[in-house]
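Participant: Could you work out the structure for the sequence below:
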Amino acid sequence: MKKAIKVFILLILPFFVFTACLTAGKAGIPKIYNDGSEINAKIAGKKFRLTVAKTQEARAQGLSDRDKMPADGMIFLFDASQPLTFWMKNMRFPIDILWINGNKIVAITKNARPEPGVSDENLKRYFSGYYADTVIELNAGDCEKYNIKTGDAVVIPASERE
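Facilitator: Presented below is the predicted three-dimensional model:
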């Protein structure tokens with residue numbers, strides 16, 4: 001009997017703990033959001049159609065190797081709030097980056113520019129500066145054009161979450 005308990009503790013229990021860790025925090029991202037799908041969002045009262053990047057692969061690819069912005073922008077969804085870092089690897093156009101935590105813009109990076117010919121290790125890194133669980137990339141100048149600022153709410157209607 002003691003051997004069975006040891007086997008459970010050493011083999012079975014760690015499996016359940018590992019599985020729980022993998023799924024922890026994922027409840028915040030609605031399952032309906034799939035990479036490449038589009039959602040509506042309101043930023044500073046203006047409606048934007050955003051292309052979703054939810055998986056690690058889609059977030060890593062982001063807007064790289066594209067000639068223009070898909071829809072009105074791209075939204076990057078993360079499992080948990082954390083300090084985030086982005087770069088402009090293989091980007092072909094400048095962007096504004098909105099760093100969002102809990103549906104509120106906590107920071108904005110305006111006019112992040114591509115750096116063609118710069119090696120990966122020398123590319124400029126853009127930091128959230130705060131914990132963030134969502135990032136939205138818009139065309140450069142959109143923050144000025146639509147008067148988007150730190151503290152503004154980002155609203156995704158309930159119909160988008162169903």
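Participant: What ranges in this protein fall below the confidence cut-off?
Facilitator: Across the chain, residues meeting the criterion (pLDDT under 70) sit at 1-36, 55, 58-65, 157-162.
Participant: Look up the closest residue to residue 51, ignoring the ones flanking it.
Facilitator: Among residues not flanking residue 51 along the chain, residue 70 sits closest, at 4.3 Å (Cβ to Cβ, 6 or more residues apart in numbering). Yep, even glycine has a C-beta here, placed from its N, CA and C like the rest.
Participant: For residue 115, see how far away the one you found is.
Facilitator: In this view, residue 70 and residue 115 are 21 Å apart by Cβ to Cβ, to the nearest Å.
Participant: What of residue 75?
Facilitator: Per Cβ to Cβ, residue 75 is found 23 Å from residue 115.
Participant: Those two: which is more packed in?
Facilitator: Counted by other Cβ atoms under 10 Å, residue 75 and residue 115 do not tie: residue 75 has more neighbours, with 23 against 15.
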